[in-house]
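# sequence and predicted structure are below.
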Amino acid sequence: MASGIIAGYSAYGLQARSVSNDSTIRLNKFISDSGRCSRREADKLIDSNRVKVNGRRPELGTRVEAGDVVTIDGQEVLGSAPGKSDRVYLAYNKPVGITCTTERSVKGNIVDAIDHDQRIFPIGRLDKPSEGLILLTSDGDIVNKILRAENAHEKEYLVTVNKSIGPDFAAKMSRGLPILDTVTKPCKVSVVGRSVFKITLTQGLNRQIRRMCEYLGYEVIQLVRLRIMSVELGRLKPGQWRNLGQREIDQLNTAIASSTSESSHGKRSPTTKRKPRQAGRPAGAGAASGKKSAGKPKPGRSVRTGERRKDGSRATTKSGKPGKRGGRKPSPPPRRR
């Protein structure tokens, strides 16, 4: 293991060769490039102690170099061929009832449904009751780049609902609707039949189209994905798959050339808004300590001694003298009997 991106590794694994200090690669990328899984899944494998480098358990962020032996559950992970010439890219027309998971223990999983001779995994997912186009690959790096919502990659759907579509339906859908504690991004919507519409999204919230329709009082009867970026479903029948053509692969690579496959966790989105302060709560107070803000004093109670008012003056005790922060309240004078 080392600190620094690998000069090269062959289809037969990391080979010992002369490398410089900067000829290393992140472990999750090496696993992803091998076709085993995506970088995100690789991080999960590392975090669950299923990965070893030279017989030792690595940490997240570990880098490897030529000569390092990487194993998952005791099986060696082989590096990708030069130019990823051994990678596969598939377009599949997923039927209703197939689950987009690589877990072979799940009945009706997509891996068994396709039964490909290479280890492949889906790029994203399509709900079990939905159908249509989904891409699968053995190239883990391309998965994250396509899935990043901020990259605005388009996905087009044909949707049938349970009743006639109202005149303002398309406008409301396209502006965005409040679901899952957020508002959906603006999207393209066009009505193509009495109860049928097309929608193009650039984000993928859980059951997004179904939830948007439910919000407007409609129920989705059929949902078919027609397109992912430049790849179209075409004439593929349900259950059929095909290899992407070189032109389609080139178009995908061109579209994601400026995309990032790294997670943006920990970075504040430019559009993220801070929560408004509660009345009477000073900036930065309350959240860290877990204490409730005093806010405005309740009727019949004096202001705490030693604190400053908004006009800059110091609060006073009942006697009119400035109090000290944290000091005890003066005892009231004894009553005359």
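Great, that's in hand. Numbering: from 1, shown residues only.
# and the helices in the stretch 101-250 of the chain?
Secondary structure of the stretch 101-250 of the chain (DSSP state H, counting those that start in this stretch): helices at 110-114, 140-147, 169-175, 208-215, 246-255.
# pick the most buried one from those helices.
The highest mean neighbour count among these, using mean count of other CB atoms under 10 Å, belongs to helix 140-147: a mean of 22. Glycine gets a C-beta too; all of them are placed from N, C-alpha and C.
# elements contacting that helix?
helix 27-33, helix 39-47, helix 246-255 (3 or more CB pairs under 8 Å, 6 or more residues apart in numbering; DSSP states H and E).
# and those helices as JSON lines, adding mean pLDDT and distance to residue 203?
Putting those into JSON lines (pLDDT from 0 to 100; distance: least, CB to CB, whole Å) gives the following:
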{"stretch": "helix 27-33", "mean pLDDT": "86", "distance to residue 203": "23"}
{"stretch": "helix 39-47", "mean pLDDT": "89", "distance to residue 203": "17"}
{"stretch": "helix 246-255", "mean pLDDT": "88", "distance to residue 203": "16"}
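# turn the ones you listed into TSV, including distance to residue 207.
Shown next, in TSV, are the helices and strands packed on helix 140-147 (distance: least, CB to CB, whole Å):
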stretch	distance to residue 207
helix 27-33	27
helix 39-47	20
helix 246-255	26
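# so for residue 171, which of those sits nearest?
With CB to CB, the closest approach to residue 171 among these belongs to helix 246-255: 28.7 Å.
# picking that back up, between the helices of the stretch 101-250 of the chain, which gets the lowest average pLDDT?
For those, mean pLDDT drops lowest on helix 140-147, to a mean of 76.
# tell me which residues are up against the lowest-mean-pLDDT helix or strand in the chain.
Lowest mean confidence among the helices and strands of the chain (mean pLDDT, DSSP states H and E): helix 140-147, at a mean of 76. By CB atoms under 8 Å, 6 or more residues apart in numbering, the surrounding residues in contact with helix 140-147 are 29, 31-42, 89, 121, 123-124, 135, 137, 151, 153, 204, 228-229, 252-253, 256, 259-263.
# how many residues are close by residue 235?
Using other CB atoms under 10 Å, residue 235 has 8 other residues around it.
# ok so, going back, just the CA trace of the least confident helix or strand of the chain, in CSV.
In CSV, the C-alpha atoms belonging to helix 140-147 read as follows (Å, rounded to 0.1, in the frame of the first residue of the first chain):
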residue,chain,number,x,y,z
GLY,A,140,-18.0,0.5,-11.7
ASP,A,141,-16.6,3.9,-12.4
ILE,A,142,-19.2,4.9,-14.9
VAL,A,143,-22.0,4.0,-12.5
ASN,A,144,-21.3,6.8,-10.0
LYS,A,145,-20.8,9.3,-12.8
ILE,A,146,-24.2,8.6,-14.3
LEU,A,147,-26.0,8.5,-11.0
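# no further queries at this time; thank you.
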